[in-house]
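# Sequence and predicted structure, then a few things I'm wondering about:
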Amino acid sequence: MDIESIKDPAFLQTCSRDDMEKLAQDIRDFLIKKLSVTGGHLGPNLGVVELTLALHYLYQTPKDKIIWDVGHQAYVHKILTGRAPQFESLRKYQGLCGFPKRDESEHDVWETGHSSTSLSAAMGMAVARDIKGSSDNIAAVIGDGALTGGMALEALNHIGHEQTNLTIILNDNEMSIAPNVGALHSILGRLRTTGRYQKVKEDVEYLIKKIPAFGGRLATTAERVKDSLKYLLVSGMFFEEMGFTYLGPVDGHDMDDLLSNIQYARDTDGPVIVHVLTKKGKGYAPAENDAKGTWHGLGPYKIESGEVVKKPGPPAYSAVFSNTLQKLAQEDERIVALTAAMPGGTKLDQFGAKFPQRMFDVGIAEQHATTMAGGLAAQGMKPVFAVYSTFLQRGYDQLVHDVCRQNLNVFFAIDRAGLVGADGETHQGVFDIAYLRHLPNMKILMPKDENELQHMVYTAVQYDNGPIAVRYPRGNGLGVEMDKELKKMEIGKWEVLRDGKDATILSFSTMLPIAIEAAEALAEKNIDVRVVNARSAKPLDEGLLEELQEEGAPILTLEEAALKGSFGSAVLEHYHDAGFHHMVIERMGIPDRYIEHGSVGELYEEIGLTKDEVVSKMYTLVPRKQQRA
Ligand SMILES: Cc1ncc(C[n+]2csc(CCOP(=O)(O)OP(=O)(O)O)c2C)c(N)n1
Ligand SMILES: CC(=O)[C@@H](O)[C@H](O)COP(=O)(O)O
Ligand SMILES: [Mg+2]
């Protein structure tokens, strides 16, 4: 079938089972081909081809609603809802979003990207339906990884209590990004291996009812059977005790099994969980055999060999962080590393290989990780929670209430700080300075390059006066030379990279190269600009700010962070609160809106975080002098 000819999922009603099987293969071929060029979340999507076909056969969207947890596995849904022709632009600037996007299609009823939100959203939509008296069928698809997220369990608890009509499809492929973790994972494991729970349960109940009619022999058998039912009930009842009808496990690649069970669930009163077993990467060997999570989400690759196209370059910031922490952990038994289901992305998997007793993957549970780190620190350990900027947003109250308020020695290694590019608005790491800076006791450091990062990791591990965050960007460093010896840095001391007397640019991290380039361009126009590596957002370098105030020259702050509340705001507050209202201060950064997907370079252009824009801004601050002849 010509995948790009699909306009609407209604066509599935005219498909036979054979048509659907053939279509599944055509969709897999399409995904493998397109993503070999664009990159994306291939593994998760190959695993849900049959499941998505079955759902769109049984749920007439947009009247019925399908919600995709995390949403990285919604490419098949996008193909069936008429967006296959746009796949060349997947995750590209102004192209197809890699996650559900309401303004892309009426079939995308809920936007995801962060994990574990689907059940709460589905519950809200189901209650709205019931209040309005309409009859939409609502299904939420949640993975075994996403089910480890606290809000998913909060929603299960509430849905089970309210007995609201909705279907939860538990897409269980035994994988999060890396192999899944946790007690829930074990329960699911027992369900996977004990065969069809629902059928066995009925058979066993039937058997037990017949016990009095038979002698001891059956009683023994029944005892054994009862034990296994008890065993089953114990493991399978987790969901039934929560108030759900549990169906499964269902073969997630068998169309008949899927259709019969999901239809039963759709038409059953009350909340139903359909436990579907799928294989992540199904249909493409390199992705199917992926134990580490490489094929969870990746860049372009060679289809025949499965070789991922790697761009050589300097070490990734994440690798420098992890390598430095490993070096320190050799000598410092207090160091305990935590990740919330991102061992690969944060490179803590390498730390865990060396120090298995001191590395914990808590699942997709940033709230738990933050407070667990507080508990560790309260007992004299040095917890290091490596977490993407965007995902730490999940642990905000734990940051405030548990860690900062108690002034506990937790080191937050904030990865993917700044624009991340292809993952777009749900993943841009641009709010962490704003959401951390106002917390009493918190310190925030930002390295200019990978060499300064290693020293900041060392400094943060040594720091024992409360919580400290070191934020660093996605991707590779600048290729600078790495000092052999680690050194402790003075927190709150900035670095003048280039002197100048007409104006000063205060910048940090990824924006510094742009600031330097702009200063050099301005120098050619006889405008002399100082560039400062402002490597801490809290505390500020008050000594340097005082010197600038005495000099009285204009200041431009330049940051890859939300303008509202981040570094530039801190500088404004500093001068205003000190009564220096004469200071001319301009700020450049991320505007007050959500930044969609695209390459980071394209996003810089869109936002105006470029050398030319800095030069233009500087001309407004420092009148153009007589240009040098
Ligand atoms: C709050 C939050 N933390 C971490 C992530 C990163 N993340 C994206 S997908 C994923 C694993 C999801 O596993 P699962 O739900 O089983 O889906 P699968 O990829 O197996 O289909 C994680 C941890 C996220 N999206 N949101
Ligand atoms: C879907 C999701 O949240 C993760 O897979 C995320 O896309 C990983 O981001 P990195 O590619 O920056 O590790
Ligand atoms: Mg999974």
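Structure's in. What do you need? A quick note: this is a predicted structure, and the numbers were derived from the prediction, not measured. Ligands and ions are numbered 1, 2, ... in the order given.
# going forward, measure contacts and count neighbours with C-alpha atoms only.
Fine.
# Isn't Ile590 up against Glu606?
No: with contact defined as CA atoms under 8 Å, Ile590 does not reach Glu606; the gap is 10.3 Å.
# More neighbours: which of the two?
With neighbours defined as other CA atoms under 10 Å, Ile590 and Glu606 compare such that Ile590 has more, 25 against 13.
# OK, contacts around the spatially closest residue to that one that is not a sequence neighbour?
Distances taken as CA to CA, 6 or more residues apart in numbering place Ala562 nearest to Ile590, at 4.5 Å, with adjacent residues excluded. With contacts taken as CA atoms under 8 Å, 6 or more residues apart in numbering, Ala562 has the following neighbours: Val430, Phe431, Ala434, Gly589, Ile590, Pro591, Asp592.
# show me the contacts for the closest residue to ligand 2 within the chain.
Distances between the chain and ligand 2 by CA to the nearest ligand atom are smallest at Gly345, namely 4.5 Å. Under the criterion of CA under 8 Å, 6+ apart, the neighbours of Gly345 are Ser318.
# Look up how far Lys282 lies from it.
The span separating Gly345 from Lys282 equals 23 Å under the rule CA to CA, to the nearest Å.
# cool, and Lys538?
Using CA to CA, one obtains 48 Å as the distance from Lys538 to Lys282.
# Then Val48?
On the measure of CA to CA, Val48 and Lys282 end up 8 Å apart.
# Looking at those two, which has the bigger crowd around it?
Neighbours were tallied for Val48 and for Lys282 using other CA under 10 Å; the higher tally belongs to Val48 (30 against 21).
# Sitting in strands, which of the contacts of Ala562 do you find?
Cross-referencing the contacts of Ala562 against strands under DSSP state E gives Gly589, Ile590.
# Include pLDDT and distance to Glu366 when you put the contacts of Ala562 into TSV, please.
Rendered in TSV, the data for these read as follows (pLDDT from 0 to 100; distance: CA to CA, whole Å):
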residue	pLDDT	distance to Glu366
Val430	98	18
Phe431	98	16
Ala434	98	18
Gly589	98	27
Ile590	98	25
Pro591	98	27
Asp592	98	25
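# Can I get the buried part of the contacts of Ala562 as one PyMOL selection?
Selection of the buried residues among the contacts of Ala562 in PyMOL, burial being defined by 16 or more other CA atoms under 10 Å:
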select buried, resi 430+431+434+589+590
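# So which residues make contact with the stretch of helix or strand Ser322 belongs to?
Ser322 belongs to helix 317-331 when elements are defined using DSSP states H and E. Surrounding helix 317-331, the residues in contact under the criterion CA under 8 Å, 6+ apart are 335, 345-348, 350-351, 354, 415, 450, 453-454, 457-458, 472-477.
# quick one: buried residues of that helix?
Of the residues in helix 317-331, those scored as buried under the neighbour-count criterion (16+ other CA under 10 Å) are Tyr317, Ser318, Ala319, Val320, Phe321, Ser322, Asn323, Thr324, Leu325, Gln326, Leu328, Ala329.
# between those, which is nearest Pro44?
Using CA to CA, Ser318 is the member of these that lies nearest Pro44, at 23.7 Å.
# Could you list the low-pLDDT ranges of this protein?
Under the criterion pLDDT under 70, the flagged ranges of the chain are 194-236, 624-629.
# Quick check: residues of it near ligand 1?
Those residues of the chain that sit near ligand 1, judged by CA under 6 Å from any ligand atom, are 44, 70, 113-115, 142-146, 173, 175-177, 341-342, 364, 391.
# Just to be sure, which of these are found in helices?
Using DSSP state H, Pro44, Phe391 are the members of the residues of the chain next to ligand 1 that sit in helices.
# ok, which of the residues of the chain next to ligand 1 also contact ligand 3?
Near ligand 3, taking CA under 5 Å from the ion as the test, the members of these found are Gly143, Asp144, Gly145, Asn173, Met175, Ser176.
# For Ile168, see how far away the second one is.
Noted for Asp144: a distance of 12 Å to Ile168, by CA to CA.
# Those two - which one has more neighbours?
Ile168 (26 against 22).
# I'd like the buried residues of helix 317-331 laid out as a markdown table, including distance to Leu247.
Output for the buried residues of helix 317-331, formatted as a markdown table (distance: CA to CA, whole Å):
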| residue | distance to Leu247 |
| --- | --- |
| Tyr317 | 45 |
| Ser318 | 41 |
| Ala319 | 43 |
| Val320 | 46 |
| Phe321 | 44 |
| Ser322 | 42 |
| Asn323 | 45 |
| Thr324 | 48 |
| Leu325 | 45 |
| Gln326 | 45 |
| Leu328 | 49 |
| Ala329 | 46 |
